[in-house]
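> sequence unknown, structure follows:
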């Protein structure tokens, strides 16, 4: 199969509309060709493409910023002698000055298929700026490694943030090209938009979203593999808790734990309360000691989620429900446990980080309610999930 960047490089007819235009690129470290050449280098080497600027999202064009909420500066690329504008530094939205450096912007970002992954919000902000400044946007499409399954409640009105670009579920099922189509429709944007589609992508085929013959490269420093991408729609919620999500270990966002929990007891209680939410993966007790971040240098007992190999069933794996269940069980087993981490997550003041992540208070209220059961959360989420699935048909490309 071929990603959008590969098709653009190989097909002169696809590139023809770029002739005589100033071209910018929005990219990150996973923006590479099938030969592992970074898209900025590959595009700059093609006669007839005049690359005049580049943009980097959160973690930077080079992916050098390890943790969340670490800003990147603007700089001049030393190889291609073009300005590189940070969209996670002094600004989150493109400035008028940066928009004046190009006519067409190519967006080549590998997403994880999760609402909170900030590249989605950066896509929205770039589309809005392009509509305002009369610029053309091309998305060079890439796979959604989590595939088509949908899970989670829709972000509630008034809860938009840099980790919540709009009313979509946590696990949205779209590629970046398809997400742009939805955003243009939902936000009523008048923008010249085109998707350079993938060729041969099978979201239900081998790999269930991520093609088995394609090398995985971290789109952000703590996105090391496909297992993480599958689990992320659940494990990302840990960023709003006092449990470790595995930052500071070699398997971030595939596990959860803390020094003061009994992982075996947690797994057993999860199995007792809602075994139907644990299908499609294996849960394994582990011990780990983070080298940085939460519980640094402390021995933690935890649970690793294996959505891979013979344990993985694409249709039944439910990472959002699984992680919600784990938090509810920990709250029950350890009354008074301080689950919620209170800090200005992505600079959102006055709201619990966990609620910002989930785009509302409904999930936290279910977790905190001792009488609420699994069916109650299904009753909250299922209507949103059905509504999103019914709407998707207008925007799918594959």
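The structure has been received and is ready for your questions. What you see is a predicted model, and the numbers here were worked out from it, not measured in a lab. Numbering: from 1, shown residues only.

> so what's residue 349 up against?
By CB atoms under 8 Å, 6 or more residues apart in numbering, the contact list for residue 349 is empty. Quick note: C-beta positions are derived from backbone N, CA and C, even for glycine.

> could you redo the last one with a cut-off of 10 Å?
Taking CB atoms under 10 Å, 6 or more residues apart in numbering, we find residue 349 in contact with residue 343.

> separation between it and residue 158?
Residue 349 is 15 Å from residue 158, where distance means CB to CB, to the nearest Å.

> What strands flank the lowest-mean-pLDDT helix or strand in the chain, and is each parallel or antiparallel?
The least trusted helix or strand in the chain, going by mean pLDDT, DSSP states H and E, turns out to be strand 75-76, with a mean of 94. Using DSSP bridges, strand 75-76 pairs in its sheet with strand 83-86 (antiparallel).

> Identify all contacting residues around the strand it pairs with.
The list of residues contacting strand 83-86 from outside it, by CB under 10 Å, 6+ apart, reads 24-27, 40, 52-58, 60-62, 65, 71-78, 91-92, 94-95, 97-99, 101.

> now it, how far from the centre of its chain.
22 Å (CA atoms, centre = their mean, to the nearest Å).

> Narrow the contacts of strand 83-86 to those that are buried.
24-27, 40, 53-58, 60-61, 65, 72, 74-75, 77, 92, 94, 98-99, 101 (16 or more other CB atoms under 10 Å).

> How about the secondary structure of residue 267?
Here residue 267 is recorded as helix under DSSP: H, G, I helix; E, B strand; the rest coil.

> Point me to the helix or strand that includes the closest residue in space to it that isn't next to it in sequence.
Once flanking residues are discounted, residue 267 sits nearest to residue 283: 5.3 Å by CB to CB, 6 or more residues apart in numbering. Residue 283 belongs to strand 282-288 when elements are defined using DSSP states H and E.

> average pLDDT for that strand?
The predicted model assigns strand 282-288 a mean pLDDT of 98.

> Give the buried residues for stretch 378-389.
381, 384, 385, 388.

> what about the second one, distance to residue 172?
I take that to be residue 384. Counting by CB to CB, the gap from residue 384 to residue 172 is 11 Å.

> and for the two, which residues touch both?
Counting by CB under 10 Å, 6+ apart, the shared contacts of residue 384 and residue 172 are 150, 151, 152, 154.

> Restricted to helices, list these.
Judged by DSSP state H, helices contain none of those.

> Looking at these, which is nearest residue 312?
Among the shared contacts of residue 384 and residue 172, residue 151 lies closest to residue 312 (CB to CB), at 15.4 Å.

> returning to that earlier point: what sits against the residue nearest to residue 267?
By CB under 10 Å, 6+ apart, residue 283 lies in contact with 255, 263, 266-267, 270-271, 303-306, 311, 322, 326.

> can you give me the helices for this structure?
Counting by DSSP H, the helices of the chain are 4-10, 12-15, 39-44, 96-99, 119-133, 176-186, 226-235, 263-273, 319-333, 353-358, 362-368, 374-392.

> how about the nearest residue to the residue most central in space within the chain, chain neighbours excluded?
Centroid-nearest residue in the chain, with CA atoms, centre = their mean: residue 117, separated by 2.9 Å. Leaving out its chain neighbours, the residue that sits closest to residue 117 by CB to CB, 6+ apart is residue 111, at 6.0 Å.

> Roughly how far does that neighbour sit from residue 144?
With the distance defined as CB to CB, residue 111 ends up 6 Å from residue 144.

> residues bridging contact with those two, i.e. touching both?
Counting by CB under 10 Å, 6+ apart, the residues touching both residue 111 and residue 144 are 172, 174, 175, 176, 179, 229.

> out of the residues you listed, which one sits closest to residue 212?
Closest approach to residue 212 among the shared contacts of residue 111 and residue 144 (CB to CB): residue 229, at 14.0 Å.

> right, and that closest one touches residue 112 too?
Yes: in this structure residue 229 lies within contact range of residue 112 using CB atoms under 10 Å: 4.8 Å.

> Who has more neighbours out of those two?
A direct count of neighbours by other CB atoms under 10 Å for residue 229 and residue 112 places residue 229 higher, at 28 against 24.

> Contact partners for the more buried one?
When contacts are counted by CB under 10 Å, 6+ apart, residue 229 touches 110-114, 117, 143-147, 209-210, 216, 219, 223, 253-254, 307.

> Can you flag which of the residues you listed belong to strands?
Assignment to strands by DSSP state E places none of the contacts of residue 229 there.

> Could you turn the buried ones of these into a ChimeraX selection?
To isolate the buried members of the contacts of residue 229 in ChimeraX, using 16+ other CB under 10 Å:
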select :110,111,112,113,114,117,143,144,145,146,147,209,210,216,219,223,253,254,307
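
> JSON lines please, covering the buried residues of stretch 378-389 and showing distance to residue 196.
Output for the buried residues of stretch 378-389, formatted as JSON lines (distance: CB to CB, whole Å):
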{"residue": "381", "distance to residue 196": "34"}
{"residue": "384", "distance to residue 196": "31"}
{"residue": "385", "distance to residue 196": "30"}
{"residue": "388", "distance to residue 196": "25"}
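
> As TSV, the residues you listed with distance to residue 130 and pLDDT would be great.
Compiled in TSV, those are given as follows (distance: CB to CB, whole Å; pLDDT from 0 to 100):
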residue	distance to residue 130	pLDDT
381	33	98
384	29	98
385	31	98
388	25	98
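
> Closest one of those residues to residue 241?
Nearest to residue 241 among those: residue 381, at 19.3 Å, using CB to CB.

> List the contacts of the closest one.
Neighbours of residue 381 in contact, by CB under 10 Å, 6+ apart: 150-154, 169-170, 318, 320-321, 324, 362-363, 366.

> One more pass at 6 Å, please.
By CB atoms under 6 Å, 6 or more residues apart in numbering, the contact set of residue 381 is residue 153.

> Check residue 163 too.
Contacts of residue 163 by CB under 6 Å, 6+ apart are 116, 346.
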